[in-house]
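Colleague: Provided below for reference: sequence and predicted model.
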Amino acid sequence: MDYKRYIAEKINAEGVSTEEIAALLAVPPDPAMGDYALPCFRFAKVMRKSPVLIAQELAASIAPDGVIAEVSALNGYLNFKVNKAALAGQVLARILREGERYGASDVGAGRVVCIDYSSVNIAKPFHIGHLSTTVIGGALYRIFNFLGYRAVGINHLGDYGTQFGKLIAAYKKWGNREEVEKGGIHAINDLYVRFSNEADEEMEHEAREYFRLIESGDKEANELFNWFKSLTLAYVQTIYDRLHITFDSYAGERFYTDKMAPVVEELREKGLLKESEGAQIVDLEPYGMPPCLILRSDGASLYATRDLAAAIYRWNTYHFHKCLYVVAYQQNLHFRQVFKVLELMGKEWAKDLVHVAYGMVSLEDGAMSTRKGKVVWLEDVISRCVEKARAVLEEKNPALENKDEVAELVGVGAVAFGALCNNKIKDITFSYDRALNFDGETSVYLQYTCARAASVLAKAQAEGIAVEELPAFTPCAAESELVKQLALFPETVEQAAEKYEPSLISRCLLDVAKLFNKFYLECKIMQAEGDTRAFRLALTQASLTTLKNGLTLLGIGVPEKM
Ligand code: ARG
């Protein structure tokens, strides 16, 4: 049973739906206030009464029953105390029953959500700036699937542009096959950087020529380009594997080469295209934006042109419910322009395009050595964090088995959690020490809490005690608070999808972990007996299940032991 729903159904507030009430019901921070509270301020207008009076009248109209133990009104809040034993029984039974599916649902059945994330640039560094798009996108991908949607993960590759001409020119001049084969993306990047530093007018000319050759389908130029592309993709794949990131499509910018002309034609037919200094633009001045550049004066397409073609292609291919673009807020204007142009083209679905913007990630020790210049490669951050995790584990638990494997999960998880634990739009500074603090608001704290719960359960199992038997039991305050927090998980997952905000899950898990540890320290589990022990073991199992499900959605692995 969903407690909020149950309570909401008892509340007869004129002109306000049960759904609205359920959504407003909250768990007050101080349990002394009640288990659930309904703020009545929003009803004042519809009901034309003061919130204080509304709360009082509603309180008088609801009779306690087996679920609701007490109803009271205070300062415009309607407060409920529920029957703790019933609450615990129902919540835990559901978690034990649903296991890995706890928090999952089919609300999204039959709907497709396209998610454009990570979207790497071929032959360019995969750097710290790609962390958020990759892990936030990956989390949203799993969250939507968990809720029954069909998520389509799209890596909109940056594989179009004059830089590939430069790269070929540089390779021809300074490169050789063996070195590039061996050095991979780093060797490619070196060539590119060298071109930027050293190219003269003649090389610039060659670069333009090679770019033209790629475009015109020249065999050798395309072979080189495809080689650079496959080296880049093989490289990023190793990072995706570590971060548990997958895609369904790698249709990048180049994929739209032959799909832009019809879009330009449509813009022209609809009278949206204007000439400005030789270029073709869509005027967005009436909407307070600079014009959207469609074709340069030399006829070349732009980033926006390819995004227009991509959006139309995605609509035709997937008939999406939503199409998300997990891209840094620096591209706010770009997406506002693209979405507006599609709207002006009369694409009714333009309203379902969403720019999921996020803030910047920087490193606390900006001085860390990088392979090239100022760019901080994501791989280096991950490796360094895993190394540090290894040292922390060595210090905390020298006897731990599989230290390398655990360090991998802890270190990679800490980097990912860095971009998943705060409201996504915030700029963040990543600090290794903070991220690896066992007692902080960290992934390692969550992982450690899982290991702690798992070790209790393993001990019980070793002694032949069932961990999933659920007796009727009246929980103490610490147990009850934990139960209530566990009960919030499914709606948290839904909110995370609704708001495109995986950090809601992170926050929920941190609260679960805090309350679990409080319970763990205050209540004896294995030393208790009979129903008390059985209940506590079930609560431990339910906490572990909830933490694991949440961490899995975030893409963070859970070591068995720590
Ligand atoms: N490759 C682009 C960049 O690194 C991001 C692409 C985002 N997706 C899109 N459809 N524009 O800036």
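Modeller: Perfect, I can see it now.
Colleague: ok, residues contacting stretch 24-38?
Modeller: 3-4, 7-8, 11, 21, 39, 42, 55, 58, 70, 72, 74, 77-82, 84, 87, 477, 480-481, 484-485, 488 (C-beta atoms under 8 Å, 6 or more residues apart in numbering). Quick note: C-beta positions are derived from backbone N, CA and C, even for glycine.
Colleague: element containing the residue in the stretch 351-500 of the chain positioned nearest to the ligand?
Modeller: Evaluated by C-beta to the nearest ligand atom, the stretch 351-500 of the chain has residue 355 as its residue closest to the ligand, separated by 9.4 Å. Assigned by DSSP states H and E, residue 355 falls within strand 353-358.
Colleague: Note down every partner strand of that strand and its orientation.
Modeller: If you go by DSSP bridges, strand 353-358 pairs up with strand 322-328 (parallel).
Colleague: hmm, the partner strand touching the ligand?
Modeller: Yes: using C-beta under 6 Å from any ligand atom, strand 322-328 reaches the ligand at 325, 327.
Colleague: With only the CA atoms kept, save that strand in CSV.
Modeller: Written as CSV, here are the backbone C-alpha positions of strand 322-328 (Å, rounded to 0.1, in the frame of the first residue of the first chain):
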residue,chain,number,x,y,z
LYS,A,322,10.4,13.4,-24.7
CYS,A,323,13.7,14.0,-26.3
LEU,A,324,16.3,15.1,-23.7
TYR,A,325,19.6,16.8,-24.4
VAL,A,326,22.0,16.4,-21.5
VAL,A,327,24.4,19.2,-22.4
ALA,A,328,26.2,21.9,-20.4
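Colleague: Now it: average pLDDT?
Modeller: Across strand 322-328, pLDDT averages out at 98.
Colleague: what's the helix or strand following it packed up against?
Modeller: Per DSSP H and E, the first helix or strand lying C-terminal to strand 322-328 is helix 332-344. Helix 332-344 makes packing contacts with strand 292-295, helix 303-318, strand 353-358 when contacts are defined by 3 or more C-beta pairs under 8 Å, 6 or more residues apart in numbering; DSSP states H and E.
Colleague: Turn those into TSV, columns for mean neighbour count, distance to residue 266 and mean pLDDT.
Modeller: Listed next are the helices and strands packed on helix 332-344 as TSV, based on neighbours: other C-beta atoms under 10 Å; distance: least, C-beta to C-beta, whole Å; pLDDT from 0 to 100:
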stretch	mean neighbour count	distance to residue 266	mean pLDDT
strand 292-295	21	11	97
helix 303-318	20	9	98
strand 353-358	21	17	98
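Colleague: and of these, who's closest to residue 198?
Modeller: With C-beta to C-beta as the measure, helix 303-318 is the member of the helices and strands packed on helix 332-344 nearest residue 198 (26.9 Å).
Colleague: I'd like to know if that closest one reaches the ligand anywhere along the stretch.
Modeller: Yes: applying C-beta under 6 Å from any ligand atom, one finds helix 303-318 touching the ligand at 307, 310.
Colleague: start to end distance for stretch 519-526?
Modeller: 13 Å (C-alpha to C-alpha, to the nearest Å).
Colleague: Mind listing what's buried along it?
Modeller: Going by neighbour count (16 or more other C-beta atoms under 10 Å), the buried part of stretch 519-526 is 519, 520, 523, 525.
Colleague: For that stretch, give me every contacting residue.
Modeller: Outside stretch 519-526, the residues touching it (C-beta under 8 Å, 6+ apart) are 452-453, 456, 459-460, 463, 476, 478-479, 482, 533, 536-537, 539-540, 543.
Colleague: Type out the PyMOL command that picks the buried ones from those residues.
Modeller: A single PyMOL command selects the buried members of these (16+ other C-beta under 10 Å):
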select buried, resi 452+453+456+460+478+479+482+533+536+537+539+540+543
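Colleague: Which ones among the contacts of stretch 519-526 map onto helices?
Modeller: Mapping the contacts of stretch 519-526 onto helices (DSSP state H) picks out 452-453, 456, 459-460, 478-479, 482, 533, 536-537, 539-540, 543.
Colleague: circling back: so which of the helices and strands packed on helix 332-344 is nearest residue 240?
Modeller: Per C-beta to C-beta, nearest to residue 240 of the helices and strands packed on helix 332-344: strand 353-358, 18.3 Å.
Colleague: need the contact list for the closest residue to the ligand within the stretch 201-350 of the chain.
Modeller: Closest to the ligand within the stretch 201-350 of the chain is residue 327: 4.6 Å, counting by C-beta to the nearest ligand atom. Neighbour list for residue 327: 116, 119, 133, 335, 355, 356, 357 [criterion: C-beta under 8 Å, 6+ apart].
Colleague: Good, we can wrap up now.
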